[in-house]
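Engineer: sequence plus predicted model, see below.
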Amino acid sequence: MKKSYQIVIIGGGTGGIMTSTQLLKRNSSLKIAVVEPADFHYYQAAWTLVGAGDYDMAKTKKPMSDVMPKNVTWIKEFATGFNPENNEINLANGDILGYDLLVVSPGLVMDPSLIEGLTEAMDKGVVCSNYTDPEHTWEVIKNFKGGNAVFTQPTTPIKCGGAPQKIAYLAADYFRKNNLADKTNVVYATPGSVIFGIKIIADTLMEVIHRYKIHFKPFYAPVKIDAVNQIITFKSVAPDENNCIVNEGNVLSEKLTGESVIEMPFDMLHIAPPQTAPKFVKESVLVNAAGWLDVNHGTLQHNKFNNIFGLGDVAGLPTAKTGAAIRKQTPIVVENILRLMDKKTLSEKIYNGYSSCPLITGYGKMVLAEFDYQNNFIPDPKLKQMLIFDSYKEHWRLWILKKYILPYLYWNKMMKGKDV
């Protein structure tokens, strides 16, 4: 069976819901279909706090029907493929959807199979991840009695690139408050070369690392998890470099087992799983060489098919994959879609790569990194209304923003197409 709509939006996450609500605010007569199989919508930005025992998981979840705009056709089905030459997408039930304009925003997917042993270890025992089961993370942290607490991330792009280090800081703060610091090694191992790509933020975070006596290991890429013996294997992505910051305290036992291969025992392991575009996107003609949706970095229009736009985590954009980025991307997509429908040229306004990373550095403390494609630090002027004039430093008011204000704005403003 085939049905056609003016606009089809794939995805009922942040990007899909914001785009549909904003389009309808501009033109309530639009015929829009949203393809989304999930029963629930999650505010995943709070999962770091859930993993640290400081937020209720139930508050991050709402029925999809509560956020889905009433004036769209909700197609509760999986998209399985594209036929862009004929302006069609395929659904898992065999139906075909036709469109005049298509918005692709299905998010990304976890692929633990890209690290040996991770699929079997995921969310079991002392292996945990805020990306998949933050409540299990909290159980692991609460039950930790000392030893090596290892926090790491993959070589693939991930949503909220700062999340793996945020939970490391919160865990270190928790261990300190519960008299475990003296018998614990907190390790933050990353394939990256620096703690953060913006120097003014990185300087603050290095102070945090030294405060908690965290062993910071750049150039460490996880390649294997042995959950039975509790050993993680890393491979150096830059064998000639050694920028490790090993703070004074307990001796960290790790073993060089081959050229650039390091084995490290763990008593708890928090890992961000490798992440990719969904299979139906990754295997389509719509992706770039890296496997992400191939869109113009400024207009968010597809580079080959002019009536297709993409935003959110699936988009191949050289900036962090965050809800804050989507908040700035959505108005660009909405404006350009409406202009195309009026047979006008695209808007002169372009997306500058804005994203932000709320870097929680302990219970009651946060740094807010806001940046663009060039990694310029661009703090929101509205922060001054909260008496925050130096958001690159730790601040308790930023913690209030993260825990209370942003969730309210998400559910009551962003999800309803209102300006934030």
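Structural biologist: Nice, I can see it. Residues are numbered from 1 along each chain as shown.
Engineer: for the stretch 101-250 of the chain, just list every one of the strands.
Structural biologist: 109-110, 127-128, 147-152, 184-190, 215-218, 220-226, 231-236 (DSSP state E, counting those that start in this stretch).
Engineer: who wins for proximity to residue 28 among these?
Structural biologist: Smallest distance to residue 28 across these (CB to CB): 33.3 Å, for strand 109-110. Backbone N, C-alpha and C define where each C-beta goes, glycine included.
Engineer: summarise which helices and strands that closest one is packed against.
Structural biologist: Other elements packing on strand 109-110 under the criterion 3 or more CB pairs under 8 Å, 6 or more residues apart in numbering; DSSP states H and E are strand 275-276.
Engineer: following the chain past the strand it packs on, name the next helix or strand.
Structural biologist: Under the assignment DSSP states H and E, the closest C-terminal helix or strand after strand 275-276 is helix 279-282.
Engineer: contacts for stretch 115-135?
Structural biologist: For stretch 115-135, contacts defined as CB atoms under 8 Å, 6 or more residues apart in numbering pick out 47-48, 50-51, 57, 110, 112-113, 136-137, 139-140, 144, 154, 158-159, 163, 167, 222-227, 230, 266-275.
Engineer: quick check on those: which are buried?
Structural biologist: 47-48, 50-51, 57, 110, 112, 136-137, 140, 144, 154, 158-159, 163, 167, 222-223, 225-227, 230, 266-275 (16 or more other CB atoms under 10 Å).
Engineer: any idea which helix or strand in the protein has the lowest mean pLDDT?
Structural biologist: strand 255-258 (a mean of 66; mean pLDDT, DSSP states H and E).
Engineer: element containing residue 29, please.
Structural biologist: With DSSP H and E as the criterion, residue 29 is inside neither a helix nor a strand.
Engineer: tell me the pLDDT at it?
Structural biologist: At residue 29, the pLDDT value in this model is 97.
Engineer: residue 343 too?
Structural biologist: Looking at residue 343, its pLDDT stands at 84.
Engineer: what about it, how many residues nearby?
Structural biologist: Residue 343: 6 surrounding residues under other CB atoms under 10 Å.
Engineer: ok, residue 2 next?
Structural biologist: Residue 2 has 8 neighbours, counted by other CB under 10 Å.
Engineer: and what of residue 411?
Structural biologist: Using other CB under 10 Å, residue 411 has 16 neighbouring residues.
Engineer: on the three-state scheme, it is what?
Structural biologist: At residue 411 the chain is in helix, as set by DSSP: H, G, I helix; E, B strand; the rest coil.
Engineer: was I right about it contacting residue 45?
Structural biologist: No: look at residue 411 against residue 45 with CB atoms under 8 Å: they stay out of range, at 11.3 Å.
Engineer: partner strands of the helix or strand following the least confident helix or strand of the chain and their direction?
Structural biologist: Going down the chain from strand 255-258, the next helix or strand is strand 261-265, by DSSP H and E. Taking DSSP bridges as the criterion, strand 261-265 forms sheet pairs with strand 231-236 (antiparallel), strand 255-258 (antiparallel).
Engineer: for the longest one, what is the average pLDDT?
Structural biologist: Averaging pLDDT along strand 231-236 gives 95.
Engineer: can you pull the buried residues of that strand?
Structural biologist: Quick answer for strand 231-236 (16+ other CB under 10 Å): 231, 232, 233, 234, 235, 236.
Engineer: shouldn't the first one be in contact with residue 262?
Structural biologist: Meaning residue 231. No: Residue 231 lies out of contact with residue 262 (CB under 8 Å); the separation is 10.4 Å.
Engineer: all helices of the protein, in order?
Structural biologist: For the chain, applying DSSP state H gives helices covering 14-26, 47-51, 64-67, 118-121, 134-143, 163-177, 199-212, 279-282, 323-341, 396-400, 406-412.
Engineer: so which of these is nearest residue 1?
Structural biologist: Across the helices of the chain, closest to residue 1 is helix 279-282 (CB to CB), at 19.1 Å.
Engineer: what does that closest one contact?
Structural biologist: Contacts of helix 279-282 with the rest of the structure, by CB under 8 Å, 6+ apart, involve 78-82, 104, 106, 109, 276, 287, 291, 293, 314.
Engineer: again, only this time at 10 Å
Structural biologist: Contacts with helix 279-282, where a contact means CB atoms under 10 Å, 6 or more residues apart in numbering, come from 10, 78-82, 89-90, 92, 104, 106-109, 111, 276, 286-287, 290-293, 310, 314.
Engineer: low pLDDT regions in the stretch 151-300 of the chain?
Structural biologist: For the stretch 151-300 of the chain, applying pLDDT under 70 flags the ranges 242-253, 255-259.
Engineer: got the contact list for residue 309?
Structural biologist: Applying CB under 10 Å, 6+ apart, the residues contacting residue 309 are 7, 9, 19, 101-105, 293, 295-296, 299-302, 315, 329, 332-334, 336-337, 340.
Engineer: one more time with 7 Å, if that's ok
Structural biologist: For residue 309, the contacting residues are 103, 295, 300, 301, 302, 333, 336, 337, by CB atoms under 7 Å, 6 or more residues apart in numbering.
Engineer: ok, what's across the strand from it?
Structural biologist: Applying DSSP bridges, one finds that residue 309 bridges with residue 103, residue 301.
Engineer: run a quick neighbour tally on the closest residue in space to residue 403 that isn't next to it in sequence.
Structural biologist: What sits nearest to residue 403 in space, not counting adjacent residues and going by CB to CB, 6 or more residues apart in numbering, is residue 49, at 6.3 Å. If you count neighbours by other CB under 10 Å, residue 49 ends up with 26.
Engineer: from residue 391, how far out is the residue nearest in space to the middle of the chain?
Structural biologist: Geometric centre of the chain, nearest residue: residue 159, 1.9 Å, by CA atoms, centre = their mean. Here the criterion is CB to CB, to the nearest Å. By it, residue 159 lies 22 Å from residue 391.
Engineer: no further queries at this time; thank you.
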